[in-house]
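Participant: quick one, fold the following:
(one chain, ligands or ions: 2)
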Amino acid sequence: MINRKPFGEGLAVEQLLELDACTQCGECLTYCPVQDVTGNPLISPLEKIRMFKEFLKATKGLKARLFGAKVDPKLLEDFLKAIYECTTCGACGENCTVGIFTQRLWPMLRKEMVRRGLGPLGIQADLPKAMGKTGNPYDKPAEERYRTWFPEDVIIAEKAEIAYYAGCTGAYEAQPMVRGDVLVLRGIGEPFTMLPPEEEVCCGFPLFITGQHDMLQDLVRRLVNAYKARGVKVLLCSCPCCVNIMARDWPIFYGQELPFKIRHVTQFVADALKSGQWKIKRPLKERLIYHDPCYLSRGVGIIEEPRTVLRSIPGVELLEFERHGLNTRCCGAGGAARKVFHENAIAMGRLTIDEAVEKGADRLILSCPACYVKMNEAMQGHDRQIVITDIMELLGSLI
Ligand code: SF4
Ligand code: SF4
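Facilitator: Ligands and ions are numbered 1, 2, ... in the order given. Predicted structure coming up:
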């Protein structure tokens, strides 16, 4: 049964203006990684916008008022698939001729689908239940959150100005990354605190990105108040999605400015290297190529710091992908699409692996737990092989 309430009522004015602003020029078409691997034009930004505008017209226009709202069910079905198949990488927005902020617009259109009882897709609908039960999207026991990777001899302060948030994907699925974070923090030598595993609940990003916003305020307030009680002034994290929602959206869900700063761990490491507080002593005679995570580069503008850190390793030669920095190509794992559209994600990951091999890199360096998981999966059974290492895993191994 189709919900005939007007579309767009849950959108902010900015998003309604953006929908209106799209000129259908097609400039963004070249940049979409999902179109690259599926060849499906419906996923394209302009098609998504065109379809949503049809829904606005059908449920809000004069005709709708006079004769009743009629939404084409096939169009709705196509839109639903397109909006959730998109990785929300934001490459289209970066190249949009009228500056539409698509990395924000798509999640908000997903929220509209949830509001109408149409989204999310597949196992994404299980997220709120898992979060309510275990505090993480993987439905894993909280007591196992740090168990398998936390170095035994690292001391966590009860209270400190610096706190480290591991994040769910790092803690449960990309342990070499978070272990590297902690080893490097110990190497830098500043005392840092962490929440007990049952208190370090999800940052909220998976709920936000799938359009399921109901629990977000509660999660954010619990986390912010817990860090505040520990006297935290700087919260460090290495997952780009966590850093993105913390910096951009936590203040909104918290209802005011956060009582601490949010920093990506490479920013902290780059500062420690610049000030001489820390030095990478062991050399690495390798050609490294660094993949910018979409939510770190386009999302919060952290582009130079990971490169500063990598260039500080004696012996390293740093290569670049054709598309890097603000123009980076999505690894395929973004937007909570990696488990629902697995084949797309593998195909996108392999484009990055292939380019890294073609450029002659010895090692592909990542800085995101979702990239780490999906790229490793993409490598399995692929005819081209390269060593994949998280940036913090690498630094941790050079201490
Ligand atoms: S956000 Fe990325 S995946 Fe989604 S339409 Fe834009 S370029 Fe394509
Ligand atoms: S580049 Fe921007 S204005 Fe042009 S079609 Fe794409 S989204 Fe619309």
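
Participant: dump the residue contacts of residue 150.
Facilitator: 179, 182 (CB atoms under 8 Å, 6 or more residues apart in numbering). Quick note: C-beta positions are derived from backbone N, CA and C, even for glycine.

Participant: in the stretch 251-399 of the chain, what residue is nearest ligand 1?
Facilitator: Per CB to the nearest ligand atom, residue 330 is where the stretch 251-399 of the chain lies closest to ligand 1, at 5.8 Å.

Participant: show me where pLDDT drops low in the protein?
Facilitator: 1-4 (pLDDT under 70).

Participant: show me the domain layout of it.
Facilitator: 13-119, 123-269, 280-397 (automatic domain parsing).

Participant: can you say which of the ones you listed is nearest to ligand 2?
Facilitator: Here domain 13-119 is closest among those (CB to the nearest ligand atom), at 3.3 Å.

Participant: what's the nearest residue to the residue nearest to the spatial centre of the chain if we skip its chain neighbours?
Facilitator: The centroid of the chain falls nearest to residue 241 when counting by CA atoms, centre = their mean (3.2 Å). Sequence neighbours aside, residue 205 is the residue nearest to residue 241 in space, at 4.3 Å (criterion: CB to CB, 6 or more residues apart in numbering).

Participant: which residues are in contact with the one you found?
Facilitator: 241, 242, 244, 245.

Participant: which ones among those residues lie within strands?
Facilitator: If you go by DSSP state E, the contacts of residue 205 have nothing in strands.

Participant: still on that earlier bit, I'd assumed residue 91 was in contact with the residue of the stretch 251-399 of the chain closest to ligand 1.
Facilitator: Yes. The criterion here is CB atoms under 8 Å, and residue 330 meets it with residue 91 at 6.7 Å.

Participant: residues contacting stretch 181-194, please?
Facilitator: 146, 150-151, 154-160, 162-166, 170, 200, 230, 232, 236, 238, 265, 268-269, 272, 277-278, 392, 395-396, 399.

Participant: and whatever helix or strand residue 130 lives in, what does it pack against?
Facilitator: Element membership of residue 130, judged by DSSP states H and E, is helix 127-134. Contacts defined by 3 or more CB pairs under 8 Å, 6 or more residues apart in numbering; DSSP states H and E place helix 127-134 against helix 205-209.

Participant: following element in sequence after the helix it packs on, please.
Facilitator: helix 216-229.

Participant: that following helix: which residues count as buried?
Facilitator: Within helix 216-229, the residues that qualify as buried are 216, 219, 220, 223, 224, 226, 227, counting by 16 or more other CB atoms under 10 Å.

Participant: dump those into JSON lines; add distance to residue 294 as well.
Facilitator: As requested, those are arranged in JSON lines below (distance: CB to CB, whole Å):
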{"residue": "216", "distance to residue 294": "21"}
{"residue": "219", "distance to residue 294": "23"}
{"residue": "220", "distance to residue 294": "22"}
{"residue": "223", "distance to residue 294": "23"}
{"residue": "224", "distance to residue 294": "25"}
{"residue": "226", "distance to residue 294": "29"}
{"residue": "227", "distance to residue 294": "26"}
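
Participant: can you redo those as a markdown table with distance to ligand 1?
Facilitator: Below are the buried residues of helix 216-229 laid out as a markdown table (distance: CB to the nearest ligand atom, whole Å):
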| residue | distance to ligand 1 |
| --- | --- |
| 216 | 21 |
| 219 | 25 |
| 220 | 24 |
| 223 | 27 |
| 224 | 29 |
| 226 | 33 |
| 227 | 31 |
